[in-house]
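[1] The sequence isn't on hand, but the structure is:
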């Protein structure tokens, strides 16, 4: 007889996560809503991550630990946790964030009660590397609007921390998307897709602790060009167009789901406004792509060693 299907699957992608991993695992396993499985995908870590995960898995049958044979990149590892999930609802967790004990309970309650809601998340609090609270993360967004273009506009145009990625989503709705694509900020494109599929509801309680410290990937690698190699190792040292990738991601999302002609037009108008705001970044993508093959030649002519490519991680 097959084991009972859990209501919620939690996906925890990890890579060299030993510093904060135990705090994240303790927060997940202490949830007041207990009908869940925890799917951990280890992206070939080289520190104590594997040891920690196996120790926790030995003590809790809800934990399923998987280890990749090599580093497949951030987005593929995130997606892998969902591919292995079996629950009706799904939630990603970050190894350095902490969900407070009532997170699952509050979000599942909303999804059970409101069948039109695609994803439910909570307000967040920024914490430092020692767990001390830094600030409340409060943003006014119309993600629960009945109008798709209003949800799309706020998800695209308002700069906000992407901790709504760590909300609880209907698994069948997430399957209607390409999941996370292999470029930086693809989480924003994914949220825009989900916003076009239906309302995204925010619980008013502060139940997500968002870690803010120098070791985060954005602060470590600096810009989207070096982040590209982290998201997709196949792009290491190669030309990439991160802003253009986001543009085409948003464009495909607008045409991927059934919208009225008026709603689709309004979403396209939002995309034009977003593109105009980022016009310098589009030009920068092209300029860097043109300069990339010329840099080694220029340094060779000057008799200087070429620095690392801005398409590679330092």
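    Now that the structure is in, tell me what you want to look at. This is a predicted model, so every value here is computed, not measured.

[2] what about residue 46, neighbour count?
    9 (other Cβ atoms under 10 Å). All C-beta spots, glycine's among them, are computed from the backbone N, C-alpha and C.

[3] Can you give me the distance of it to residue 210?
    Using Cβ to Cβ, to the nearest Å, we find residue 46 at a distance of 26 Å from residue 210.

[4] residue contacts, residue 257?
    Listed by Cβ atoms under 8 Å, 6 or more residues apart in numbering, the contact set of residue 257 reads 176, 193, 196-197.

[5] Please apply the same query to residue 232.
    By Cβ under 8 Å, 6+ apart, residue 232 lies in contact with 73, 75-76, 182-183.

[6] rerun that using 7 Å as the cut-off
    73, 182-183 (Cβ atoms under 7 Å, 6 or more residues apart in numbering).

[7] tell me the pLDDT at it?
    Residue 232 carries a pLDDT value of 71.

[8] The protein: strands as residue ranges?
    Assigned by DSSP state E, the strands in the chain fall at 8-14, 36-42, 63-67, 89-92, 98-99, 119-127, 133-137, 168-170, 200-211.

[9] Switch the ones you listed over to TSV, and while doing so, append mean pLDDT to every line.
    TSV is the format used below for these (pLDDT from 0 to 100):
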stretch	mean pLDDT
strand 8-14	98
strand 36-42	98
strand 63-67	98
strand 89-92	98
strand 98-99	96
strand 119-127	96
strand 133-137	92
strand 168-170	98
strand 200-211	96
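
[10] re the thing from before, narrow the contacts of residue 257 to those that are buried.
    Neighbour-count burial (16 or more other Cβ atoms under 10 Å) is assigned, among those, to 193, 196-197.

[11] which ones among those residues are found in helices?
    193, 196-197 (DSSP state H).

[12] and which of those residues is nearest to residue 21?
    Using Cβ to Cβ, residue 193 is the member of those that sits closest to residue 21, with 29.4 Å.

[13] Touching, that closest one and residue 177? I think so.
    Yes: if you go by Cβ atoms under 7 Å, residue 193 and residue 177 touch, sitting 4.7 Å apart.

[14] measure the residue nearest to residue 125 when sequence neighbours are not counted to residue 11 for me?
    Distance criterion Cβ to Cβ, 6 or more residues apart in numbering; nearest residue to residue 125, sequence neighbours excluded, is residue 206 at 5.0 Å. To residue 11, residue 206 is 23 Å away according to Cβ to Cβ.

[15] neighbour-wise, which of the two wins?
    The neighbour comparison of residue 206 against residue 11 (other Cβ under 10 Å) goes to residue 11, with 24 against 15.

[16] so how far is stretch 156-169 off the chain centroid?
    Offset of stretch 156-169 from its chain centre (Cα atoms, centre = their mean, to the nearest Å): 8 Å.

[17] buried ones in that stretch?
    In stretch 156-169, the ones that count as buried by 16+ other Cβ under 10 Å are 156, 160, 163-169.

[18] ok, which pair from these is furthest apart?
    The most widely separated members of the buried residues of stretch 156-169 are 156 and 168, with 22.2 Å between them, by Cβ to Cβ.

[19] tell me, how many neighbours does the closest residue to residue 152 other than its chain neighbours end up with?
    Spatial nearest neighbour of residue 152, excluding adjacent residues (Cβ to Cβ, 6+ apart): residue 267 at 5.0 Å. By other Cβ under 10 Å, 26 other residues sit near residue 267.

[20] now residue 267: how far from residue 291?
    From residue 267 across to residue 291, the span is 34 Å (Cβ to Cβ).
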